[in-house]
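Participant: after the sequence you'll find the predicted model.
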Amino acid sequence: MKKLLLSLLVLLASQAYGQMADSLPPTPPAAKKWYQNIAIRGYAQARYNRLLETNPDLTCEQCDRSWGRNGGFFLRRVRVIFFGQLHERVYFYLQPDFASVPSGSSSQNFGQLRDAYIDLGLDKASRFRLRIGQSKVPYGFENMQSSQNRLALDRNDGLNSAVANERDLGVMFYWAPTAVRQRLAQLVKDGLKGSGDYGMLGVGAYNGQTANRPELNNQRHIVARFTYPLVMGRQIIEPGLQAYTGEYVVAKDQLSARVKYRPDLRYPDQRVAATFVLYPQPFGVQAEYNVGRGPEFNPRTDSIETQNLHGGYMLLNYRLRYKQQQLYPFLRIQYYDGGKKHERDARSYTVREAEIGAEWQPFSSFELVAMYTLSSRRFEDSQRPRNQERGGLLRLQAQVNF
């Protein structure tokens, strides 16, 4: 009898303890440390441009410094990216490049900052956000598109001449509904060569002297961009408009000894551009054109003057898939007539160029691009007031993604 009573008391006690335990709130998971929210990725590109070369004097300073005479194997980019969501409303992004060539230097493979910014969400879903720091200026689809994803080896002269290295220091405001943000990100993840999530609307102010160069006046550049990826049946198209205005100061280290220029070295810098993209499912089209005015060298007067500019490109591409492999044949034609404010004496250009090639991805961590370029380039400054070069070359690039 005593054993039976003792067993009942133990049973009742265990039930009471179980009920008490059930009524207690669950123990919350331990909060992550800040460093547990940081991820690392990156990519590297190695190039060779001298195959089937017909003119070693054909070069492109903005494109690839290994073009032309004495060029060899070349590391175009070596990028390591640190990023993470530090807080529900705070995202950070840091990207150095270890294959930079400082202006005026004959040495290669210096480390240089490309991106260093935070995104501050103004609402919990970060549909409205501020981007503060050095980042891409929202002008042009191909400018926003990562070189890791772009088909042609270099960006087009027409729009890329607006912002060297596509970046500057400033503050940008981006807005897009959550569904649109997800669509913009998915266009990159799905291999459709998207430009990334820079919102439907982007408005900002930035220094205007381009990345890693000091500001030289008290006026900020103002930029605005609107884009929208439209789903039309099985196809996705993305039209866009963008514009910026400001004053560019030609730095004294960009001037030849005898070139003439305005006493204050300040020149209007204004552009507007239109974009149309049909994503490759399987056939794709990408086209952009811009007009504006800015500083440009005039060989007739040996001076830097405010002149009109215009130019753009069209790219046709196709996407082929076999198991894990992907192949993107493409053709791009481009034209540009205007100055390049960030080059010596705001160098004057007329560019007519056609490129045909293909990108092969046998697996996600490796890509190989072969591209033949036919180019006619007039690029003139005070040291070379008459300079027209024509030629062709086969260009190769191997890229590793990690």
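Facilitator: Yes, it's here. Since the structure is predicted, the reported quantities are computational estimates derived from the model, not experimental observations.
Participant: what sits against Gln45?
Facilitator: Going by CB atoms under 8 Å, 6 or more residues apart in numbering, Gln45 touches 75-78, 99, 147, 397-399. C-betas here are computed from N, CA, C, even on glycine.
Participant: any of the residues you listed buried? List them.
Facilitator: Buried subset of the contacts of Gln45 (neighbour count, 16 or more other CB atoms under 10 Å): 75-78, 99, 147, 397, 399.
Participant: kindly reformat those residues as CSV containing pLDDT, secondary structure and distance to Leu316.
Facilitator: Converted to CSV, these look like this (pLDDT from 0 to 100; DSSP: H, G, I helix; E, B strand; the rest coil; distance: CB to CB, whole Å):
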residue, pLDDT, secondary structure, distance to Leu316
Leu75, 97, strand, 29
Arg76, 96, strand, 24
Arg77, 97, strand, 25
Val78, 98, strand, 30
Ala99, 93, strand, 30
Ser147, 97, coil, 20
Gln397, 98, strand, 20
Gln399, 98, strand, 22
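Participant: any idea of the mean pLDDT in the helix or strand where Ser135 lies?
Facilitator: Element membership for Ser135, per DSSP states H and E: strand 128-136. Strand 128-136 carries an average pLDDT of 98.
Participant: buried set for that strand?
Facilitator: In strand 128-136, counting by 16+ other CB under 10 Å, buried: 129-136.
Participant: most widely separated two among these?
Facilitator: Greatest spatial distance in those: Arg129 and Gln134, 16.4 Å, computed using CB to CB.
Participant: how near is Gln36 to Gly84?
Facilitator: Taking CB to CB, to the nearest Å as the criterion, Gln36 is separated from Gly84 by 9 Å.
Participant: give me the below-cutoff pLDDT ranges for the stretch 1-150 of the chain.
Facilitator: Applying pLDDT under 70 to the stretch 1-150 of the chain flags residues 1-28, 104.
Participant: what sits opposite Tyr289 in the beta ladder?
Facilitator: Following DSSP bridges, Tyr289 is listed with bridge partners Ala274, Gly312.
Participant: and if you look at the one 4 residues further on?
Facilitator: Beta-bridge pairing of Arg293 under DSSP bridges involves Gln270, Asn308.
Participant: surely it touches Thr306?
Facilitator: Yes: contact between Arg293 and Thr306 holds when scored by CB atoms under 8 Å: they sit 5.9 Å apart.
Participant: helices of this protein, start to end?
Facilitator: Here the chain has its helices, by DSSP state H, at 2-23, 141-144, 157-160, 178-189.
Participant: so for stretch 321-340, what gets flagged as buried?
Facilitator: Judged by neighbour count using 16+ other CB under 10 Å, the buried positions of stretch 321-340 are 326, 328, 330, 332-340.
Participant: scratch that, stretch 197-204
Facilitator: By 16+ other CB under 10 Å, the buried positions in stretch 197-204 come out as 197-204.
Participant: any common contacting residues for Arg293 and Thr306?
Facilitator: Listed as contacting both Arg293 and Thr306 by CB under 8 Å, 6+ apart are Pro268.
Participant: for the stretch 251-400 of the chain, what spans make up the strands?
Facilitator: 266-278, 283-298, 303-318, 320-322, 325-339, 348-363, 366-380, 388-401 (DSSP state E, counting those that start in this stretch).
Participant: just checking: what are the partner strands of the fifth one?
Facilitator: So the one you mean is strand 325-339. Short version: by DSSP bridges, strand 325-339 pairs with strand 303-318 (antiparallel), strand 320-322 (antiparallel), strand 348-363 (antiparallel).
Participant: what lies in contact with the second one?
Facilitator: It refers to strand 320-322. Contact with strand 320-322 is made by 282, 326-329, as judged by CB under 8 Å, 6+ apart.
Participant: and which of those is nearest Leu316?
Facilitator: Using CB to CB, Pro329 comes nearest to Leu316 of the contacts of strand 320-322, at 9.0 Å.
Participant: the closest one bridge partners, please.
Facilitator: When bridges are called by DSSP bridges, Pro329 pairs up with Ala358.
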